[in-house]
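Undergrad: just coords:
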């Protein structure tokens with residue numbers, strides 16, 4: 001599903017809702033998307049069709065035609081889109097620096113002991129992959 005050589009499309013907040021549904025429920029008709037999103041968003045069929053058509057135009061969705069019904073499916077993975085959006089966010093808000101972003105989220109979030117243990121595991125795994133020497137423990141400011 002990866003799009004080699006192409007840049008991934010920018011997906012708006014509203015389009016993310018459509019994509020999330022289709023990542024979990026494809027192939028699906030526009031009617032399926034409307035039925036799933038209308039109770040949460042209040043969007044009518046025309047709004048959903050507009051969003052779907054935009055996503056098709058951006059290359060994020062594809063479709064097959066079965067008689068008169070279009071069955072929509074993602075052409076990009078959720079993981080690819082999350083990666084692009086995350087990098088865009090880090091660049092915009094933190095000047096491309098990951099460490100200040102992580103420090104901000106750790107300081108501003110109520111992390112459970114389980115969350116902290118998982119973060120440590122991820123950092124240790126990352127350190128092992130990069131071959132970086134682990135610095136000695138130091139006290140972190142609250």
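TA: Arrived safely, thanks for sending. Keep in mind it's a predicted model, so treat the numbers as computed, not measured.
Undergrad: Tell me the spacing between residue 118 and residue 129.
TA: Using CB to CB, to the nearest Å, residue 118 is found at 17 Å from residue 129. Yep, even glycine has a C-beta here, placed from its N, CA and C like the rest.
Undergrad: The two - which one has more neighbours?
TA: Counting neighbours by other CB atoms under 10 Å for residue 118 and for residue 129 shows that residue 118 has the greater number, 12 against 8.
Undergrad: mind checking pLDDT for that one?
TA: pLDDT, residue 118: 93.
Undergrad: what's the helix or strand for it?
TA: helix 113-130 (DSSP states H and E).
Undergrad: which stretch of helix or strand covers the residue nearest the centre of the chain?
TA: The chain has residue 82 as the residue nearest its centroid, 2.9 Å off, counting by CA atoms, centre = their mean. Assigned by DSSP H and E, residue 82 belongs to helix 78-94.
Undergrad: What average pLDDT does that helix get?
TA: On average, helix 78-94 scores 92.
Undergrad: One more: stretch 123-142?
TA: 66.
Undergrad: residues near residue 51, how many?
TA: Using other CB under 10 Å, the number of residues around residue 51 comes to 23.
Undergrad: just checking, it touches residue 11?
TA: No - when contacts are counted by CB atoms under 8 Å, residue 51 is not listed as touching residue 11 (9.9 Å).
Undergrad: related to what we said a few turns ago, which other helices and strands does the helix holding residue 82 contact?
TA: helix 13-25, helix 98-108 (3 or more CB pairs under 8 Å, 6 or more residues apart in numbering; DSSP states H and E).
Undergrad: Many thanks, I have nothing further to ask.
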